[in-house]
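>>> Provided below for reference: sequence and predicted model.
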Amino acid sequence: MKHALNGQLQFIASDTGQLCAYVKGQGRPFILIHTINASASAAEVRPLFNSISQHRTVYAIDLPGFGLSERSDRVYTPRLMTDALHDLVKHIQAIHGTQAIDALAVSLSCEFLARAAAEQPTHFQTISLVSPTGFKGLKLRQAAEGATYGLNWLLKLLKGPGWGLSIFNLLTRPKVIRYFLNKTWGSTDIDEEMYHYAVWTTRQVGAQHAPLSFLSAQLFSADITHIYDRLTQKVWMSHGTRGDFVDYRGKKRYAHAENWRFTVYQTGALPYFEMPEQFSTDLQQFIS
């Protein structure tokens, strides 16, 4: 078993299956939530895990279907991911008390964090969203509560005999993983340690199940504009200017909201890898 982060492993019993979280540091708790892709894991938040743990107790979760958390054959949905975050909060509160928690998520997982914060507003003090989904273009995503863009026919096809695993194996060849990381960074100067863990984690039993739900859009919320509208906590949204994830025109909706603030970095989609000191300083100023 290979660890994504240099921290204590905690395995948490949950209705969403066994969850894994890496824990390090002392003080008030802080949650980190990785992205969603074919090779996702807590390894994607390593710079933040190391910097925040110098001041706080940081919990970096492997979401259901990823890393060392349960990877059973089931449909992975926003509801499942959000409930996993609720269960992580319960675990943390049992240890640290019922104080509100600061949390940061990246990319699609920002939707799960926002939903958890909207459903349990007293559990979260601040919400940091790095390169969040739901802001591309100006089209609002205001479907009925809980609706997703999931294509059930596609998921059924992907889960057909041999298809899904074959497609997953093609998408997680080392050269392909590097290709997608280059697109995330907007350059070839990617983090090699993260790359090597991405290759390793895709070779584990059950690694294909959550990504197949991702490929069939089961994890994308069709109601996320409503969820972002409901956030009452202080919200910090940040993103880069390079790579495939640079269209955030939808943030104009919150440009004049008193609880939202924005930072743009001259980086790819994971600015804390490229500008760790500046990002850490900005984050500390926000949460304090």
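Perfect, thanks for sending it. Numbering: from 1, shown residues only.

>>> Could you look up the SS state of residue 66?
coil (DSSP: H, G, I helix; E, B strand; the rest coil).

>>> Count the neighbours of it for me.
32 (other CB atoms under 10 Å). All C-beta spots, glycine's among them, are computed from the backbone N, C-alpha and C.

>>> so where's this protein shaky on pLDDT?
Residues of the chain meeting the criterion pLDDT under 70: none.

>>> Looking at it, which helix is longest?
helix 78-96 (DSSP state H).

>>> Helix or strand next in line after that helix, which one?
Next helix or strand after helix 78-96 toward the C-terminus (DSSP states H and E): strand 101-106.

>>> Phi first, then psi, for residue 270.
Main-chain torsions, residue 270, degrees, to the nearest 10: phi -120, psi 70.

>>> Pretty sure it sits against residue 131.
Yes. If you go by CB atoms under 8 Å, residue 270 and residue 131 touch, sitting 7.2 Å apart.

>>> Determine the residues that are contacts of both of those two.
106, 240 (CB atoms under 8 Å, 6 or more residues apart in numbering).

>>> So which of those two has more stuff around it?
Using other CB under 10 Å as the criterion, residue 270 and residue 131 rank with residue 270 on top: 29 against 26.

>>> What residue, apart from its backbone neighbours, is nearest the more buried one spatially?
Leaving aside its chain neighbours, residue 270 sits nearest to residue 184 (6.5 Å; criterion: CB to CB, 6 or more residues apart in numbering).

>>> ok, that neighbour - contacts?
Applying CB under 8 Å, 6+ apart, one finds that residue 184 lies in contact with 190, 243, 244, 245, 268, 269, 270.

>>> Which parts of this structure are strands?
8-12, 19-24, 29-33, 57-62, 101-106, 124-130, 234-239, 260-264 (DSSP state E).

>>> how near is the closest residue to residue 120 other than its chain neighbours to residue 288?
Nearest residue to residue 120, sequence neighbours excluded (CB to CB, 6+ apart): residue 86, at 6.6 Å. Distance of residue 86 to residue 288, computed by CB to CB, to the nearest Å: 26 Å.

>>> Can you list the buried residues in the longest helix of the chain?
Judged by neighbour count (16 or more other CB atoms under 10 Å), helix 78-96 contains these buried residues: 78, 80-89, 91-92.

>>> contacting residues for the residue nearest to residue 120?
Residues counted as contacts of residue 86 (CB under 8 Å, 6+ apart) are 116, 119, 120, 123.

>>> could you dump those residues to CSV with distance to residue 142 and neighbour count?
Converted to CSV, these look like this (distance: CB to CB, whole Å; neighbours: other CB atoms under 10 Å):
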residue, distance to residue 142, neighbour count
116, 20, 26
119, 18, 14
120, 22, 15
123, 25, 20
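
>>> could I get the residues you listed as a markdown table with distance to residue 73?
Compiled in a markdown table, these are given as follows (distance: CB to CB, whole Å):
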| residue | distance to residue 73 |
| --- | --- |
| 116 | 25 |
| 119 | 27 |
| 120 | 29 |
| 123 | 30 |
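
>>> Among those, which pair sits farthest apart?
For those, with distances taken as CB to CB, the pair at the greatest spread is 119 and 123 (8.8 Å).

>>> returning to that earlier point: which among the contacts of residue 184 gets closest to residue 42?
Distances from residue 42 to those, taken by CB to CB, are shortest for residue 270, at 13.4 Å.

>>> related to what we said a few turns ago, looking at the strands of the chain, which is closest to residue 41?
Among the strands of the chain, strand 57-62 comes nearest to residue 41, with 5.8 Å by CB to CB.

>>> Show me what that closest one packs onto, helices and strands only.
Where contact means 3 or more CB pairs under 8 Å, 6 or more residues apart in numbering; DSSP states H and E, strand 57-62 is packed against strand 19-24, strand 29-33, helix 46-52, helix 78-96.
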